[in-house]
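Participant: One predicted model, sequence on top.
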Amino acid sequence: MTDLDIRQQPAWRDLGRLAAQMSRARVDSMFAHDPARAERFTLSAAGITLDYSKQRVDQAVMRALGRLAETQGFHAARTALFSGAPVNNSEGRAAWHMALRRPDDAPLHDEVHAVRAAMAEFVDDVRRGRWLGYTGAPISDVVNIGIGGSDLGPRLICDALAQLRQRIHCHFVANVDPADLDDTLIRMDPERTLFIVTSKSFGTAETLANAQVARQWLLDNGASEDDIARHFVAVSTNEEAVRAFGIERMFGFWDWVGGRFSLWSAVGISIALGLGMETFDALLAGAHAMDNHFETAPLETNLPATLALVGVWNNNFLGLPSHVVVPYAQRLAAMPAFLQQLEMESNGKSVTRDGEAVRVETVPTVWGSVGTNAQHAFFQMLHQGVLAADVDFVLPLSDAEAAADDRERQRVANCLAQAEALMRGRDTDALVDELTREGLSGWALEQRLAARRFDGNRPNSMILMDRLDAWHLGALVAAYEHKVFVQGVIWNINSFDQWGVELGKTMAGQLLGELEGSREPADHDASTDALMDRVRRAWGRAGG
Ligand SMILES: O=P(O)(O)OC[C@H]1O[C@](O)(CO)[C@@H](O)[C@@H]1O
């Protein structure tokens with residue numbers, strides 16, 4: 001990592017010049033001139049294929065991006081990451097989630113082994129019906145209470161592999177809005193429900209509030225205080241707070257595992273409970289295969305690094321501030337939300353690792369939804385909107401048996417069609433012919449032509465998964481984690497802290513106290529004062 005203003009780097013300047021040339025280039029003509037383009041800009045690793053040939057890049061651009069990563073210290077940073085050095089410099093911590101996915105025979109911390117073994121034993125007991133609820137009934141439902149990194153990762157995996165679910169159903173409650181927990185509890189049988197309170201800090205207000213209500217619900221439904229231990233376990237790094245809450249059984253993890261990188265730790269216990277320990281192990285193994293690739297492959301063939309470089313190119317040089325993720329798989333519907341935390345909490349920063357202002361754009365806005373639904377929602381904007389975006393299509397491949405279903409074939413065809421349409425747009429001459437055949441001419445034709453025109457040249461990547469299974473899912477998620485890391489290195493920011501979420505939390509505590517009447521009013525702006533008055537009136541606490 002270097003202190004030099006990134007804009008002064010020769011590679012950055014080269015990229016600026018290349019971007020000026022590329023702003024006039026068309027990807028469809030690049031395909032026409034280079035029969036090897038698709039192959040040239042496609043990479044595969046750990047069962048994941050990245051085809052970025054529809055991005056507005058050429059070899060000169062990719063080489064310059066590689067030089068930029070190198071001058072920003074990519075190689076040293078990658079070594080530091082994998083060696084467990086404190087790459088999270090504002091908190092003096094490592095970001096060593098890769099250590100959690102090493103195979104059992106690799107040298108691991110003893111404590112990692114110990115927690116994994118305890119987790120496997122507990123999962124086995126619950127799944128085989130040896131761990132019983134307070135009336136002696138086996139557990140049928142697991143409710144994970146956690147938020148952010150203590151929710152999104154396990155939720156994504158459990159949704160994605162729901163077809164593997166046997167006997168135990170996993171549910172996820174994150175929101176402090178009572179509706180989330182209430183709507184879940186209404187479907188639960190207290191005698192057979194196990195709550196997992198997942199919180200790295202065990203200080204997150206939403207999680208603790210929901211856990212308290214769940215505990216009371218159990219007591220109100222016939223359980224005694226002594227029974228709580230059968231129905232509540234915790235996953236945390238804060239043993240003291242877990243004990244203070246009254247939970248006996250805790251699965252620990254460590255401060256070197258960031259919340260949004262934690263699904264590989266005991267935070268993933270709901271995955272193992274719902275889908276089996278062997279599924280959880282396969283997830284880790286797939287991620288480990290991607291780690292090996294990322295750690296050893298040169299930049300030119302490194303899949304996560306390429307994802308990162310293409311993102312930097314689109315954001316910093318082509319001026320696309322919006323990154324859209326569209327998985328064409330209903331089971332991956334939770335992926336955009338997962339990636340929003342992973343990318344925006346990690347790289348939504350405006351100071352460098354040295355505390356200087358970052359002088360270039362950092363993370364783009366990340367958003368998305370599942371295909372084909374998204375086609376009928378926001379694809380209009382992707383094709384014809386003024387604000388162009390860069391799109392990742394994520395397409396799990398399927399087998400002949402699945403393809404016997406017409407809808408399955410439609411799923412795949414739609415994904416490929418959207419990617420091609422974004423890149424090619426619509427041939428204007430053909431459109432004029434069509435409108436002429438419809439009997440239009442003159443101004444009316446011009447008007448329709450303008451409305452129906454698709455310029456195309458809108459960059460997108462296709463990310464294929466050989467299969468939607470635990471192993472490939474592990475590899476995919478690990479690829480995005482490493483992408484985030486590489487972009488952080490290029491922008492010289494710390495991807496592993498999240499100080500930006502703290503202020504709102506503190507202020508929520510103050511405002512809550514004021515609304516409840518337990519705290520002296522602080523100095524608010526007039527808008528907040530007026531809004532609090534409205535809330536107080538609605539709550540019947542006016543003047544209180
Ligand atoms: O696991 P915890 O400590 O409850 O935190 C939940 C989430 O809250 C955050 O700190 C943000 O508020 C995330 O980074 C984290 O994943």
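Facilitator: Good, I have the coordinates.

Participant: Every contact and neighbour count from this point should use C-alpha atoms.
Facilitator: Will do.

Participant: Any idea which residue of the stretch 401-544 of the chain lies closest to the ligand?
Facilitator: Nearest residue of the stretch 401-544 of the chain to the ligand (C-alpha to the nearest ligand atom) works out as Val501 at 5.3 Å.

Participant: In the stretch 201-350 of the chain, what residue spans correspond to strands?
Facilitator: 232-236, 249-252, 322-327 (DSSP state E, counting those that start in this stretch).

Participant: For the ligand, find the nearest of these.
Facilitator: Closest approach to the ligand among the strands of the stretch 201-350 of the chain is made by strand 232-236 (7.4 Å; C-alpha to the nearest ligand atom).

Participant: Could you export stretch 392-411 as PDB, CA atoms only?
Facilitator: What follows is stretch 392-411, C-alpha atoms only, in PDB (Å, rounded to 0.1, in the frame of the first residue of the first chain):
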ATOM      1  CA  ASP A 392     -23.300  -8.900 -12.700                       C
ATOM      2  CA  PHE A 393     -25.500 -11.700 -13.900                       C
ATOM      3  CA  VAL A 394     -25.200 -14.800 -11.700                       C
ATOM      4  CA  LEU A 395     -26.400 -17.900 -13.400                       C
ATOM      5  CA  PRO A 396     -26.200 -21.400 -11.900                       C
ATOM      6  CA  LEU A 397     -26.200 -24.000 -14.600                       C
ATOM      7  CA  SER A 398     -28.500 -27.000 -14.400                       C
ATOM      8  CA  ASP A 399     -28.600 -30.500 -15.700                       C
ATOM      9  CA  ALA A 400     -30.700 -32.200 -18.400                       C
ATOM     10  CA  GLU A 401     -33.200 -33.400 -15.900                       C
ATOM     11  CA  ALA A 402     -33.900 -29.900 -14.700                       C
ATOM     12  CA  ALA A 403     -33.900 -28.600 -18.300                       C
ATOM     13  CA  ALA A 404     -36.800 -30.900 -19.100                       C
ATOM     14  CA  ASP A 405     -38.900 -28.200 -17.400                       C
ATOM     15  CA  ASP A 406     -39.800 -25.400 -19.900                       C
ATOM     16  CA  ARG A 407     -39.600 -22.800 -17.100                       C
ATOM     17  CA  GLU A 408     -36.000 -23.800 -16.400                       C
ATOM     18  CA  ARG A 409     -35.000 -23.300 -20.000                       C
ATOM     19  CA  GLN A 410     -36.700 -19.900 -19.900                       C
ATOM     20  CA  ARG A 411     -34.800 -19.000 -16.800                       C
END
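
Participant: Low-confidence stretches in the stretch 51-200 of the chain?
Facilitator: 107-108 (pLDDT under 70).

Participant: want to try TSV for the strands of the stretch 201-350 of the chain, with mean pLDDT as columns?
Facilitator: Output for these, formatted as TSV (pLDDT from 0 to 100):
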stretch	mean pLDDT
strand 232-236	98
strand 249-252	97
strand 322-327	98
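
Participant: Mind putting the ones you listed into CSV with mean neighbour count and distance to the ligand?
Facilitator: Below are the strands of the stretch 201-350 of the chain laid out as CSV (neighbours: other C-alpha atoms under 10 Å; distance: least, C-alpha to the nearest ligand atom, whole Å):
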stretch, mean neighbour count, distance to the ligand
strand 232-236, 24, 7
strand 249-252, 20, 12
strand 322-327, 23, 21
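
Participant: I'd like those strands as TSV, with distance to Gln55 appended.
Facilitator: Output for these, formatted as TSV (distance: least, C-alpha to C-alpha, whole Å):
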stretch	distance to Gln55
strand 232-236	41
strand 249-252	43
strand 322-327	13
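
Participant: For Leu43, which of those is the nearest?
Facilitator: strand 322-327 (18.7 Å; C-alpha to C-alpha).

Participant: what packs against the closest one?
Facilitator: Here strand 322-327 touches helix 335-339, strand 365-368, strand 390-396, going by 3 or more C-alpha pairs under 8 Å, 6 or more residues apart in numbering; DSSP states H and E.

Participant: Just put the ones you listed in CSV and tack on distance to the ligand.
Facilitator: Shown next, in CSV, are the helices and strands packed on strand 322-327 (distance: least, C-alpha to the nearest ligand atom, whole Å):
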stretch, distance to the ligand
helix 335-339, 11
strand 365-368, 17
strand 390-396, 24
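
Participant: winner for burial among those?
Facilitator: Most buried of the helices and strands packed on strand 322-327 by mean neighbour count (mean count of other C-alpha atoms under 10 Å) is strand 390-396; its value is a mean of 24.

Participant: Parallel or antiparallel, list what pairs with it.
Facilitator: Partners of strand 390-396 in the sheet, by DSSP bridges, are strand 322-327 (parallel), strand 460-465 (parallel).

Participant: tell me, how many neighbours does Ser224 end up with?
Facilitator: Counted with other C-alpha atoms under 10 Å, residues neighbouring Ser224 total 12.

Participant: for Arg437, same thing?
Facilitator: Counted by other C-alpha under 10 Å, the residues lying close to Arg437 total 10.

Participant: Get me the contact residues on this structure for the ligand.
Facilitator: Residues of the chain found near the ligand (C-alpha under 6 Å from any ligand atom) are 147-150, 199-202, 204, 259-260, 501.

Participant: who wins for proximity to Ser236 among the strands paired with strand 390-396?
Facilitator: strand 322-327 (30.4 Å).

Participant: any idea how far that closest one is from the chain center?
Facilitator: Computed by C-alpha atoms, centre = their mean, to the nearest Å, the separation of strand 322-327 from the middle of its chain amounts to 11 Å.

Participant: Equivalent analysis for stretch 119-128, please.
Facilitator: 28 Å.

Participant: Please save the CA atoms from that stretch in PDB.
Facilitator: Extracted C-alpha coordinates of stretch 119-128, given in PDB (Å, rounded to 0.1, in the frame of the first residue of the first chain):
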ATOM      1  CA  MET A 119     -20.600 -27.500  16.700                       C
ATOM      2  CA  ALA A 120     -20.600 -30.800  14.900                       C
ATOM      3  CA  GLU A 121     -21.600 -32.600  18.100                       C
ATOM      4  CA  PHE A 122     -24.400 -30.200  18.900                       C
ATOM      5  CA  VAL A 123     -25.700 -30.300  15.300                       C
ATOM      6  CA  ASP A 124     -25.700 -34.000  15.300                       C
ATOM      7  CA  ASP A 125     -27.600 -34.100  18.600                       C
ATOM      8  CA  VAL A 126     -30.300 -31.700  17.400                       C
ATOM      9  CA  ARG A 127     -30.700 -33.300  14.000                       C
ATOM     10  CA  ARG A 128     -30.900 -36.900  15.400                       C
END
